[in-house]
Structures are given as structure tokens and as C-alpha cells.
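>>> Generate a structure from the sequence data that follows.
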Amino acid sequence: MRVFAIPSTVMPATRSVSAFHHWLLSGEPQSTGGSAIVLQGAGSGIGGNLAENLAAHLNQYDDSSEPAWLAVTPVLLQAIASDTGNRRLLGIGEGCANCPPSSPCGLKKTLLALATRGRVILDSPLAAGATEGLGNVFNVGVGFEPESLAECHIIINPRRFPEHCIASVIGDVFLEWLNCPCREKPLLHGV
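Numbering: from 1, shown residues only. As a prediction, the model looks like this:
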């Protein structure tokens, strides 16, 4: 196994980038089809770590979780997208002059690759657009009015829940959705 060097400009994200490599390399190289969760709205605004709390909840309660769930925060997303080795691990080519890896288009390509592999919680304003059409994505609206997000599986009003409960509520609803016998197996559409 080869782990690529981490640019010194992202040293605060070193732990997260290491977690990314552990997550990616722990499964089969061509493993796809696992589910992904997209946090839309105030995802990182809830205590600053909703994605991490949700990943911890799922790692504890999702019995089918191999490899473990990974929270992809904006800092980790930038670190993954800006490194050639990381993009190569995900099967993403080099960006072009009009679409460098750290541009919104480049970040969307990274988000799509991560969501396609599955077992990720994506906390980025670009994630909903990047994953549109994927059948393996569970969309969560946090802090939105119900009418504003027709594509969400669940919309949570963070003012109505104690902060420490929100990740558990989302995780439990996701696991019910994932294991519902009436739901077809997640399919990848548009990939």
C-alpha cells in the first residue's frame, strides 16, 4: 500500500487526511456502491462537527460498515482534491486549465468520486449538486424549511433537538432507510 505525502499547507487537516487514506485503502480498490450521506444547510454549523458526530454514530451502529464511515469536511475535501496522489487513488484525472482541482468543478468531481465509493458523509455546499442522480445518496436538510428541499430524505430543525441528539437522529433514520425491505438496493445513476 502506498500513502501519498500530505502537503504542508494542510497540516491542520493531517489527521483527517490520514483518516482518508485509511478509509480508502481499507476496502477493495474498485469498491463502489456503498451509500453516502449529504448534509445540506447548516451541517457544520451545529457544534462545528455534525459530520464527524454522524460518522462516529454510524461507525458504532452500522453493522455493515466496512470500511468505516468517513466525515468529509470542507478542509478534508480541499486536501483530497488538491493532491495528485489522492485524486489518483479515487480515479480522478488531472484538472484542466478551465477546471483546476480546487475549483468548484474540481471539488464536485472529488465529491462525486467519494460518494460513488460510499461510506462518506459529505459536508459541502457543492455536495448536493455533485451527487445529483446517484441512487446511493441519502440527503439531509439541516435548518431549512421543508418546502425548500424536495429532494431531501429528512429535514431537521436544529432548534427543536438538543445538539448532542442530532447526529443520532439522522443516523438512525438513515439506517432505517438503508435497511428498509421495500427499498431497492442503491443503484448508481448517471455515473
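>>> what stretches of the chain score poorly on pLDDT?
Along the chain, segments meeting pLDDT under 70 span 1-33, 42-48, 65-67, 95, 145-150, 182-191.
>>> where do the helices sit along it?
Taking DSSP state H, the helices of the chain run over residues 14-25, 50-61, 74-81, 84-90, 104-117, 127-131, 166-178.
>>> Need these in JSON lines (columns: mean neighbour count).
Quick note: C-beta positions are derived from backbone N, CA and C, even for glycine. Shown next, in JSON lines, are the helices of the chain (neighbours: other Cβ atoms under 10 Å):
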{"stretch": "helix 14-25", "mean neighbour count": "17"}
{"stretch": "helix 50-61", "mean neighbour count": "21"}
{"stretch": "helix 74-81", "mean neighbour count": "22"}
{"stretch": "helix 84-90", "mean neighbour count": "17"}
{"stretch": "helix 104-117", "mean neighbour count": "22"}
{"stretch": "helix 127-131", "mean neighbour count": "21"}
{"stretch": "helix 166-178", "mean neighbour count": "18"}
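>>> State whether Phe166 and Arg159 are indeed in contact, as I suppose.
One thing to correct before we go on: residue 166 is Ile, not Phe. No. In this structure, Ile166 is not within contact of Arg159 by Cβ atoms under 8 Å, at 10.6 Å.
>>> Look up how far His57 lies from Ala81.
According to Cβ to Cβ, to the nearest Å, Ala81 and His57 sit 26 Å apart.
>>> ok, back up a step: figure out which of the helices of the chain is closest to Ser35.
helix 166-178 (5.9 Å; Cβ to Cβ).
>>> packing partners for the closest one?
Under the contact criterion of 3 or more Cβ pairs under 8 Å, 6 or more residues apart in numbering; DSSP states H and E, helix 166-178 touches helix 50-61, strand 137-142, strand 154-156.
>>> Is it correct that Leu122 is in contact with Ile37?
Yes. Contact criterion Cβ under 8 Å: Leu122 and Ile37 qualify, at 7.0 Å.
>>> Residues that sit against both of those two, list them.
Common neighbours of Leu122 and Ile37 are not found (criterion: Cβ atoms under 8 Å, 6 or more residues apart in numbering).
>>> start to end distance for stretch 160-170?
Stretch 160-170 has an end-to-end distance of 13 Å (Cα to Cα, to the nearest Å).
>>> hang on, the earlier thing: redo the helices of the chain as CSV? Include distance to Gly41.
What follows is these, written out as CSV (distance: least, Cβ to Cβ, whole Å):
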stretch, distance to Gly41
helix 14-25, 21
helix 50-61, 10
helix 74-81, 14
helix 84-90, 26
helix 104-117, 16
helix 127-131, 10
helix 166-178, 12
